[in-house]
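# just the structure for this:
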Amino acid sequence: MIRSEFPQTESAAKLGLVTGFGPLLPTALDSKDVLFIVMGSAKQAHKAKLLTETWLQWSQGNFFIFADAADASIPLITLPQLENKPSRDDAQYRQFYGSQWLISNKSELIKKVKWFVFTDDDTWINVPAILSYLKFFDHRLLLSIGYIWDDMWVTGWAYFTGGGGIVLSQAAFLSIIPSIFTKECPFQ
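Okay, here's the model as predicted:
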């Protein structure tokens, strides 16, 4: 994202006044309101298995782990454009292709989910803490939460680093994901 495109707001608490959605008051969130989209790999399948045995249990099964090979026991999911592409460079696309697949094949789920969390298979997440934090934000707004690298690779550009996790509101997810890998996307 170009730095000049960042919304200039004094406070997230004032977003309700700007958008007309009303004040930002805490809303009840259930773990089914959050979908976890995890980048996994067949080579490191043990990491994904640990996630399913630990913090992903809090998600009530509301997660997808996209990898370069399928393994139903974990469960790792692969897609034709991901299969047998184990390199680190190829791994960077797994969540995006997976998200586009979700929009096409799991549209009823996507309509129900308020927040999308992108994470790697070596990231540990405190799900109750995320739910507690996200309840103060309106998922209908174009919101993204994560660590931003500013001027790291290209002067004047800032973007999220995905390793620590990225959270997108439903509105942001539905705005961004369909245009990835199309003419609309500036990063082809």
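# mind listing what's buried in the longest helix belonging to the chain?
If you go by DSSP state H, the chain has its longest helix at helix 94-105. Neighbour-count burial for helix 94-105, counted by 16 or more other C-beta atoms under 10 Å, picks out 94-102. The way it works is simple: take the backbone N, C-alpha and C, and place the C-beta from them, glycine included.
# roughly how far is that helix from the heart of the chain?
Centroid separation between helix 94-105 and its chain, computed with C-alpha atoms, centre = their mean, to the nearest Å, is 11 Å.
# where does this protein dip in pLDDT?
In the predicted model, the chain carries pLDDT under 70 at residues 1-26, 151-152, 162-163, 185-188.
# which stretches in it count as helices?
15-19, 45-53, 88-91, 94-105, 107-112, 127-134, 170-176.
# elements contacting the longest helix of the chain?
With contacts taken as 3 or more C-beta pairs under 8 Å, 6 or more residues apart in numbering; DSSP states H and E, helix 94-105 sits against strand 34-39, strand 63-66, helix 107-112.
# can you pull out the residues in contact with that helix?
35, 37-40, 64, 66-68, 77, 79, 81-82, 109-110, 116, 118, 162, 173-174, 177-178, 180-181 (C-beta atoms under 8 Å, 6 or more residues apart in numbering).
# make a PyMOL selection of the buried ones in these.
Buried residues among those (16+ other C-beta under 10 Å), as a PyMOL selection:
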select buried, resi 35+37+38+39+40+64+66+67+68+77+79+82+110+116+118+162+173+177+180
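# let's have the helices and strands packed on helix 94-105 in a markdown table, adding distance to residue 45.
Below are the helices and strands packed on helix 94-105 laid out as a markdown table (distance: least, C-beta to C-beta, whole Å):
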| stretch | distance to residue 45 |
| --- | --- |
| strand 34-39 | 12 |
| strand 63-66 | 9 |
| helix 107-112 | 24 |
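# of all those, which one is nearest residue 135?
Among the helices and strands packed on helix 94-105, the nearest to residue 135 by C-beta to C-beta is strand 34-39 (10.7 Å).
# relative to helix 45-53, how tilted is the closest one?
Orientation of strand 34-39 against helix 45-53 (axes from the mean of the first three to the mean of the last three C-alpha atoms, to 10 degrees) gives an angle of 170 degrees.
# strands paired with strand 34-39, and their directions?
strand 63-66 (parallel), strand 115-120 (parallel) (DSSP bridges).
# turn those strands into JSON lines, including distance to residue 73.
Formatted as JSON lines, these follow (distance: least, C-beta to C-beta, whole Å):
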{"stretch": "strand 63-66", "distance to residue 73": "12"}
{"stretch": "strand 115-120", "distance to residue 73": "20"}
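# out of those, which comes closest to residue 89?
Across these, closest to residue 89 is strand 115-120 (C-beta to C-beta), at 14.4 Å.
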